[in-house]
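J.: have a look; sequence and predicted model below, questions after that.
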Amino acid sequence: MSEGTARGRTADSGELARFGYEQSFERRTGRFASFAVAFAFVSIATGIFTTYGSVLNSSGPVGIWTWPIAVIGQLAVALVIGSLAARIPVTGYAYQWTSRLANPVLGWIIGWVSFMFLAVVVVAVDYTVASTILPVLLDYTASTANTWAITAVIVLLQGLLIGGSTRWTEKVNNGAVSAELVGMVALTVLLLVVAAVRQEMDFGNLWSRGAVEAEGFWGFGDWTSAGPWMLGFLLGSFTIVGFESAANLAEETNDPERVVP
């Protein structure tokens with residue numbers, strides 16, 4: 001460990017004293033690992049594979065233009081979370097931030113809400129892998145029974161990995177995120193090349209409603225349903241999430257005031 005790194009970790013540990021407790025985690029998380037855990041929480045690939053077809057059916061190809069709008073809103077949220085993470089760089093962000101900015105009772109409530117959300121979303125993502133991705137990769141027919149069984153196995157393996165070693169968890173996650181980034185770029189280029197070679201690239205599709213009726217397309221909907229255009233926002237809201245998970249590893253991150261945001 002270099003002298004500069006040692007000083008940085010000492011300063012990070014001293015920062016925790018302001019919040020009333022001592023350093024208990026090993027600070028091994030670097031810049032890429034911090035980014036990777038946020039990116040992998042609900043990755044772009046997972047969000048697109050699970051929502052893109054739904055958006056095409058509900059909103060048509062033009063529904064993809066809701067994605068840049070969602071980026072603006074999610075960026076505003078990310079800036080707020082980044083600011084909080086820089087000022088209160090402690091693990092358990094939902095509970096910690098709310099307890100200090102409001103009161104411990106509200107923090108306790110928000111902490112449990114966050115825990116229940118995480119419990120549901122982890123299983124939901126694993127179920128997506130078992131029901132959508134593995135049947136294609138391994139060429140088998142997914143049923144309710146085998147999908148739930150595979151989901152349980154995935155959750156168990158994740159639990160064993162996280163419980164056994166944070167360092168190996170980060171290595172696995174960093175490798176998976178690197179592969180996903182390369183794969184998504186390669187897939188995008190491949191699709192563009194194939195479309196160009198087969199002369200099937202029609203930019204008019206970007207502004208098409210497809211089979212969705214024009215009447216009421218731009219409407220907000222009513223109390224029980226949303227309009228076709230509004231349903232398109234599901235694509236953005238399902239693909240640009242999870243960035244707050246980097247803040248939850250603040251106590252394990254080197255120089256978290258800068259790295260986490």
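T.: The structure has been received and is ready for your questions.
J.: helices of the stretch 51-200 of the chain, residue ranges please.
T.: For the stretch 51-200 of the chain, helices defined by DSSP state H, counting those that start in this stretch occupy the ranges 66-87, 93-101, 104-128, 134-138, 144-164, 166-197.
J.: would you list the ones you listed in TSV and tack on mean pLDDT, mean neighbour count and distance to Leu234?
T.: From N, CA and C alone the C-beta is placed, and that goes for glycine too. Below are the helices of the stretch 51-200 of the chain laid out as TSV (pLDDT from 0 to 100; neighbours: other Cβ atoms under 10 Å; distance: least, Cβ to Cβ, whole Å):
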stretch	mean pLDDT	mean neighbour count	distance to Leu234
helix 66-87	90	14	8
helix 93-101	90	19	24
helix 104-128	90	14	14
helix 134-138	89	12	22
helix 144-164	92	13	22
helix 166-197	90	13	20
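J.: columns distance to Gly236 on top of the ones you listed, output as CSV?
T.: Below are those laid out as CSV (distance: least, Cβ to Cβ, whole Å):
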stretch, distance to Gly236
helix 66-87, 2
helix 93-101, 22
helix 104-128, 17
helix 134-138, 25
helix 144-164, 26
helix 166-197, 16
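J.: between the ones you listed, which one is closest to Ala246.
T.: Ala246 sits nearest to helix 66-87 of all those, at 7.4 Å, using Cβ to Cβ.
J.: hey, C-alpha coordinates of the closest one in CSV?
T.: C-alpha atoms of helix 66-87 as CSV (Å, rounded to 0.1, in the frame of the first residue of the first chain):
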residue,chain,number,x,y,z
THR,A,66,-39.1,9.0,-23.8
TRP,A,67,-35.7,7.6,-22.8
PRO,A,68,-33.7,10.9,-23.2
ILE,A,69,-36.4,12.6,-21.2
ALA,A,70,-36.1,10.1,-18.4
VAL,A,71,-32.3,10.6,-18.4
ILE,A,72,-32.9,14.3,-17.5
GLY,A,73,-35.1,13.4,-14.5
GLN,A,74,-32.9,10.6,-13.3
LEU,A,75,-29.8,12.8,-13.7
ALA,A,76,-31.4,15.3,-11.3
VAL,A,77,-32.0,12.5,-8.8
ALA,A,78,-28.4,11.2,-9.3
LEU,A,79,-27.0,14.7,-8.5
VAL,A,80,-28.9,14.9,-5.3
ILE,A,81,-27.8,11.4,-4.3
GLY,A,82,-24.2,12.3,-5.2
SER,A,83,-24.3,15.4,-3.1
LEU,A,84,-25.6,13.5,-0.1
ALA,A,85,-23.1,10.7,-0.6
ALA,A,86,-20.3,13.3,-0.5
ARG,A,87,-21.5,14.8,2.7
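J.: so what pLDDT did Val42 get?
T.: We have a pLDDT of 70 for Val42.
J.: phi and psi next, for it.
T.: The phi/psi pair for Val42 (degrees, to the nearest 10) reads phi -130, psi 90.
J.: hey, what's it bridged with?
T.: For Val42, the beta-bridge partners are Val241 (DSSP bridges).
J.: number of nearby residues for it?
T.: Using other Cβ atoms under 10 Å, the number of residues around Val42 comes to 22.
J.: before I go, just wanted to say thanks for your time.
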